[in-house]
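> Curious how this folds, go ahead:
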Amino acid sequence: MAPLDRHGIAYAPVEGAFYCFIRLPEALAHDSVAAGGALLDAHRVMTMPGVAFGAAGEGWLRLSWVATPEALTTGIERIAEFFADHGG
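Reported below is the predicted structural model:
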């Protein structure tokens, strides 16, 4: 989780899974579907909206760890830029 920590991105504890939930900035937290779409459009990073996993998932995006370490680091850097642009 070092890349997430380095960029100050809040996330739910990971317990050996190949995915991670990251917290959206307050300005985006009301619509994880729109936030995920905007992230894809602006920075070419694909995520799953948290609401796809139930109402408690709203305000989160889910990342998967199935890419190379380099691709994951680049993706997290792009997410950090996107969040910074939206008050995160």
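> tell me which residues in stretch 64-83 are buried?
With burial defined by 16 or more other C-beta atoms under 10 Å, the residues of stretch 64-83 counted as buried are 72, 74-76, 79-83. (Glycine included, C-beta is placed from N, CA and C.)
> outside of that stretch, which residues touch it?
With contacts defined as C-beta atoms under 8 Å, 6 or more residues apart in numbering, stretch 64-83 is touched by 3-4, 7-9, 18-20, 22, 24-25, 28, 38-39, 42-45, 47-48, 63.
> Narrow those to those in helices?
3-4, 38-39, 42-43 (DSSP state H).
> Which members of the residues you listed are the farthest-apart pair?
Greatest spacing in these, by C-beta to C-beta: Pro3 and Ala38 (20.8 Å).
> on that earlier part again, which among the contacts of stretch 64-83 end up buried?
3-4, 9, 20, 22, 24-25, 28, 39, 43, 45, 47-48, 63.
> Farthest-apart pair in the residues you listed, please.
Among these, Pro3 and Leu28 lie farthest apart (C-beta to C-beta), at 19.7 Å.
> which residues touch Ile22?
4, 9-11, 47, 60-63, 79.
> returning to that earlier point: so which of the ones in helices among the contacts of stretch 64-83 comes closest to Ala52?
Distances from Ala52 to those, taken by C-beta to C-beta, are shortest for Leu39, at 14.5 Å.
> Tell me the spacing between that closest one and Phe82.
Going from Leu39 to Phe82 by C-beta to C-beta, to the nearest Å gives 5 Å.
> Next, show the common contact partners of these two.
The contact lists of Leu39 and Phe82 share Val45, where a contact means C-beta under 8 Å, 6+ apart.
> for the longest helix seen in the chain, the distance to its chain's centre please.
Across the chain, the longest stretch assigned as helix under DSSP H is helix 69-85. Distance of helix 69-85 from the chain centroid (C-alpha atoms, centre = their mean, to the nearest Å) equals 9 Å.
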